[in-house]
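Trainee: compute the structure for the input listed below.
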Amino acid sequence: MMRTMVYLPEALHKAIKHLAVERGTSFAKLVQEALESLYKEDIKDLKIGRERFEEYLRHPEKAPSYTEYRSKRLKK
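Mentor: Sure thing, here's the model as predicted:
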């Protein structure tokens, strides 16, 4: 396990300490879990993006136009 130092705004530090007490865990454990969650989410998004890009490279003719893509995204 590595130790690191992070600077946080005072209000955020206080809020995280309070949340840790409410959850019955340590400040460090709460921060570690939050970072792991964020990392896993980003890795998942990157994997999906990579797969879609590889699919596009195999079949660029199947890709929607920017207008179609934008229209679909705005409906979500």
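
Trainee: ok, K17 - contacts?
Mentor: F27 (CB atoms under 8 Å, 6 or more residues apart in numbering). Heads up, the C-betas are built off the backbone N, CA and C, glycines and all.

Trainee: and the gap between it and R50?
Mentor: Relative to R50, K17 is positioned 38 Å away (CB to CB, to the nearest Å).

Trainee: now do E41
Mentor: Distance, E41 to R50, by CB to CB: 15 Å.

Trainee: so what pLDDT did E41 get?
Mentor: Per-residue pLDDT puts E41 at 93.

Trainee: neighbours around it, how many?
Mentor: If you count neighbours by other CB atoms under 10 Å, E41 ends up with 10.

Trainee: now for K75, how many residues are close by?
Mentor: K75: 6 surrounding residues under other CB under 10 Å.

Trainee: what comes into contact with the helix or strand of the chain with the lowest mean pLDDT?
Mentor: Least confident helix or strand, the chain: helix 66-75 with a mean of 88, by mean pLDDT, DSSP states H and E. Helix 66-75 is contacted from outside by P64, using CB under 8 Å, 6+ apart.

Trainee: helices of the chain, start to end?
Mentor: Assigned by DSSP state H, the helices in the chain fall at 10-23, 27-58, 66-75.

Trainee: export stretch 66-76 as PDB, just CAs?
Mentor: Taking C-alpha atoms only, stretch 66-76 is exported to PDB below (Å, rounded to 0.1, in the frame of the first residue of the first chain):
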ATOM      1  CA  TYR A  66     -22.400  13.600 -36.900                       C
ATOM      2  CA  THR A  67     -26.000  15.000 -37.200                       C
ATOM      3  CA  GLU A  68     -27.500  11.600 -36.500                       C
ATOM      4  CA  TYR A  69     -25.200  11.000 -33.600                       C
ATOM      5  CA  ARG A  70     -25.800  14.400 -32.100                       C
ATOM      6  CA  SER A  71     -29.600  14.000 -32.500                       C
ATOM      7  CA  LYS A  72     -29.500  10.600 -30.700                       C
ATOM      8  CA  ARG A  73     -27.300  12.000 -27.900                       C
ATOM      9  CA  LEU A  74     -29.600  15.000 -27.300                       C
ATOM     10  CA  LYS A  75     -32.600  12.600 -26.900                       C
ATOM     11  CA  LYS A  76     -31.000  10.900 -23.900                       C
END
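
Trainee: thank you, goodbye.
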